[in-house]
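Colleague: take a look and give me a structure for this.
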Amino acid sequence: QMYCINNIGSYDCSCFLGYELSNATHCQALRCLYEWASWSSDCLLCDGQIRNRTRNLNQTLNNGSPLCISISYFEQETCTFPCVDYNVTTAKDAASHLYRQWWTRGWLSSYYPLIKTASISDNYVRVAIQPTNTTCNTTTIQNLTTALHANALEILPAVSPSRIKYTEPQEDSSSCVVTYSVAALPNPGGQPSNDNTIAIAVSISVFFVLLLACILLIWYCISLRNTRR
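Modeller: This is a model prediction of the structure:
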């Protein structure tokens, strides 16, 4: 690591490539300088997504540092962030997606230690938060509540933001409970509901069947009359 040259009454020491003097008689390895490249994806596409990235070493500044030999130039991770679903539109499916991405996959418990539990019922997702003191009206809980709402809007882009609501934190069994709900799809004015649409379609089909039967009956009667002549 070091070599020295004796001079008259003194000596000069230098370090080999990849090292630098830490004092007059000792060399230490140069720091390994690098930058991580961007991740291969934004981790918002699908369940079980794997992304990767690579290190970009600064060869000039590293100048042969031995610390750069053993490091990994590549790493990957399984995405644990909530995934976006561009197809969910119904209230029940949207609530199921929130529950699956937030709780079943462990995102809330991993990134938000204050979250105690979560549950789902129809189009409602209830999130229980550990209070930071005796009240639920704290900045920490309010910020967490709005952060989850913002995330719900992000991972359900096909659902109108006006349909995704949440309640203020309510005290319940030593927890602060926030309920996130997804309203049902609106029924546009003047347009029939699904049930009415089916009934109308059946009525129209019956009408045309009866009309066709009448036409065939008239044609048969005319043909029969012409044959007798």
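Colleague: just checking, next helix/strand downstream of the one helix or strand in the chain whose mean pLDDT sits lowest?
Modeller: Each helix and strand of the chain was given a mean pLDDT (mean pLDDT, DSSP states H and E); the minimum falls on helix 59-62 at a mean of 70. Following helix 59-62 in sequence order, the next helix or strand is strand 74-78 (DSSP states H and E).
Colleague: that older thread, can you pull the buried residues of the least confident helix or strand of the chain?
Modeller: Asn62 (16 or more other C-beta atoms under 10 Å). Placement of C-beta: from N, CA and C, glycine included.
Colleague: okay, that helix in PDB with CA atoms only?
Modeller: Extracted as PDB, the C-alpha positions of helix 59-62 are listed here (Å, rounded to 0.1, in the frame of the first residue of the first chain):
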ATOM      1  CA  GLN A  59     -13.600   5.900 -12.400                       C
ATOM      2  CA  THR A  60     -11.600   9.100 -12.400                       C
ATOM      3  CA  LEU A  61     -12.300  10.000  -8.800                       C
ATOM      4  CA  ASN A  62     -12.100   6.400  -7.600                       C
END
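Colleague: how far away from the center of its chain is it?
Modeller: 38 Å (C-alpha atoms, centre = their mean, to the nearest Å).
Colleague: got the CA coordinates for stretch 73-91 in CSV?
Modeller: The C-alpha coordinates for stretch 73-91 follow below in CSV (Å, rounded to 0.1, in the frame of the first residue of the first chain):
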residue,chain,number,x,y,z
TYR,A,73,-23.2,-2.9,-9.6
PHE,A,74,-26.9,-4.0,-9.8
GLU,A,75,-29.8,-4.4,-7.4
GLN,A,76,-33.5,-5.2,-7.7
GLU,A,77,-36.5,-5.1,-5.4
THR,A,78,-40.1,-6.3,-5.4
CYS,A,79,-42.4,-3.3,-5.4
THR,A,80,-44.4,-2.9,-2.2
PHE,A,81,-46.0,0.4,-3.1
PRO,A,82,-49.7,0.5,-3.9
CYS,A,83,-50.4,-0.4,-7.6
VAL,A,84,-52.4,1.6,-10.0
ASP,A,85,-55.5,-0.1,-11.6
TYR,A,86,-56.7,1.8,-14.6
ASN,A,87,-59.8,-0.4,-15.1
VAL,A,88,-61.6,-0.3,-11.7
THR,A,89,-64.7,1.9,-11.8
THR,A,90,-67.4,0.3,-9.5
ALA,A,91,-67.6,1.2,-5.9
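Colleague: mind checking the pLDDT average for that stretch?
Modeller: Averaging pLDDT along stretch 73-91 yields 80.
Colleague: mind checking how far it is from the chain centre?
Modeller: Going by C-alpha atoms, centre = their mean, where stretch 73-91 is centred and where its chain is centred differ by 4 Å.
Colleague: same deal with stretch 89-103?
Modeller: Worked out by C-alpha atoms, centre = their mean, stretch 89-103 lies 12 Å from the chain centre.
Colleague: going forward, the N-terminal residue is numbered 769.
Modeller: Done: numbering now begins at 769, and the last item shifts to stretch 857-871.
Colleague: straight-line length of it, end to end?
Modeller: Using C-alpha to C-alpha, to the nearest Å, one end of stretch 857-871 lies 20 Å from the other.
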